[in-house]
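> Take this sequence and fold it.
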Amino acid sequence: MQYARTVRGSTLVEKNKDTSGGAGLGVSPLAIMGKHVLPNVLGSGARAGTVHVATAVLTEATLSSLGRRSADHTGR
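Okay, here's the model as predicted:
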């Protein structure tokens, strides 16, 4: 859901920019999307994915550390 919101928001911003104004020249919507919108949207999606992976690594490390400590205190 987070990625969908990020990509949708970026797509709406890029769609409303004047740089993707080839529609008035008879350029197909698919060509506009491929040349202007998609490259700019992929960056924000990649950033969101990178942050998500980093959060998952930190969560896993924290849980692993907590699990190791609780096993040490039981005397095993």
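> The helix or strand of the chain with the lowest mean pLDDT: what's the following helix or strand?
Among the secondary structure pieces of the chain, namely its helices and strands, helix 29-32 has the lowest mean (mean pLDDT, DSSP states H and E), a mean of 80. Read in the C-terminal direction, the helix or strand following helix 29-32 is helix 38-73, with elements assigned using DSSP states H and E.
> Give me the neighbour count for Ala46.
The number of residues packed near Ala46 is 10, by other C-beta atoms under 10 Å. Where C-beta positions appear, they are placed from N, C-alpha and C, glycine not excepted.
> typo on my end, it should be Met33
15.
> which helices and strands does the least confident helix or strand of the chain pack with?
The elements that helix 29-32 packs onto, with contact taken as 3 or more C-beta pairs under 8 Å, 6 or more residues apart in numbering; DSSP states H and E, do not include any helix or strand.
> Export only the CA atoms of it, formatted as CSV.
Extracted in CSV, the C-alpha atoms of helix 29-32 (Å, rounded to 0.1, in the frame of the first residue of the first chain):
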residue,chain,number,x,y,z
PRO,A,29,-0.1,8.6,-24.1
LEU,A,30,2.0,5.5,-23.9
ALA,A,31,4.9,7.3,-25.4
ILE,A,32,4.6,10.2,-23.0
